[in-house]
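In: Need coordinates for the following:
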Amino acid sequence: MSGRNVRGGAHAAGGSKAAFATFQQKDVAAGGTGKVTSETASAPTNPSSIKERLLNWCQQTTKGYKHVNVTNFSSSWADGMAFCALVHHYLPNSINYDALNPKDRRKNFEIAFKAADDNGCAPLLEVNDMIEMGDKPDWKCVFTYIQSLYKHFVMMPQAIAARAAATQADR
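Out: Numbering: from 1, shown residues only. Take a look at the predicted model:
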């Protein structure tokens with residue numbers, strides 16, 4: 001439905017390691033480094049502190065959203081609500097958050113990924129892969145995508161402002 005599905009998903013490609021390799025390739029193709037860690041000079045170089053900082057950003061950004069309690073980069077994201085909350089925080093007009101249902105995982109992923117993709121975020125996760133991973137998605141896949149969203153929404157806010165101005169001008 002969203003055009004994001006890949007034949008066979010992560011399981012057919014050899015599980016989460018293959019899916020993670022695909023995400024890294026897509027990140028490189030979208031102009032990223034393909035690495036999980038941040039490459040900015042001011043960012044911590046210790047992987048656990050990078051992970052902690054990104055988790056803290058997710059918690060602060062999604063705080064107060066119904067059906068969202070981010071405690072990790074795996075099960076906290078399994079129903080798609082945290083992705084929707086994170087994207088809604090930055091793009092409130094792109095998602096009707098109040099209409100979402102945590103039991104409709106596929107729809108939540110489709111909505112969040114499409115809204116992010118439509119606003120210039122690299123499409124690093126596939127709906128089918130998230131569905132197939134069930135209640136405990138591979139944290140490295142989720143972390144990589146969340147890091148991409150962080151770079152897009154926090155580190156490149158002028159790009160968002162320019163896109164918003166262009167969209168307003170087109171109307």
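
In: Which residues are in contact with M81?
Out: M81 makes contact with 65, 67-68, 100, 102, 108 under the criterion C-beta atoms under 8 Å, 6 or more residues apart in numbering. (C-beta placed from N, C-alpha, C; glycine too.)

In: how far away is the residue lying closest to H89 once chain neighbours are set aside from D129?
Out: Using C-beta to C-beta, 6 or more residues apart in numbering and skipping the chain neighbours, the partner closest in space to H89 is T61 (4.9 Å). Separation of T61 from D129 (C-beta to C-beta, to the nearest Å): 23 Å.

In: So for those two, which sits in the more crowded spot?
Out: For T61 versus D129, neighbours defined as other C-beta atoms under 10 Å are more numerous around D129 (25 against 22).

In: which helices and strands does the helix or strand harbouring that one pack with?
Out: Using DSSP states H and E, D129 falls within helix 127-133. Using 3 or more C-beta pairs under 8 Å, 6 or more residues apart in numbering; DSSP states H and E as the contact criterion, the neighbours of helix 127-133 among helices and strands are helix 9-12, helix 105-118.

In: what's downstream of it, the next helix or strand?
Out: Following helix 127-133 in sequence order, the next helix or strand is helix 139-150 (DSSP H and E).

In: how far off helix 105-118 does that following helix point, in degrees?
Out: Relative orientation of helix 139-150 with respect to helix 105-118: 40 degrees, computed using axes from the mean of the first three to the mean of the last three C-alpha atoms, to 10 degrees.

In: helices and strands around helix 139-150, which ones?
Out: Under the contact rule (3+ C-beta pairs under 8 Å, 6+ apart), helix 139-150 is packed against helix 16-29, helix 47-62, helix 81-90.

In: Lowest mean pLDDT across those, which one is that?
Out: Set side by side, these differ in mean pLDDT, and helix 16-29 is lowest with a mean of 57.

In: For the helix holding D129, what does the pLDDT average out to?
Out: Regarding helix 127-133, the rounded mean pLDDT is 96.

In: related to what we said a few turns ago, highest average neighbour count across the helices and strands packed on helix 127-133?
Out: Each of the helices and strands packed on helix 127-133 was given a mean neighbour count from mean count of other C-beta atoms under 10 Å, and the largest, a mean of 21, is that of helix 105-118.
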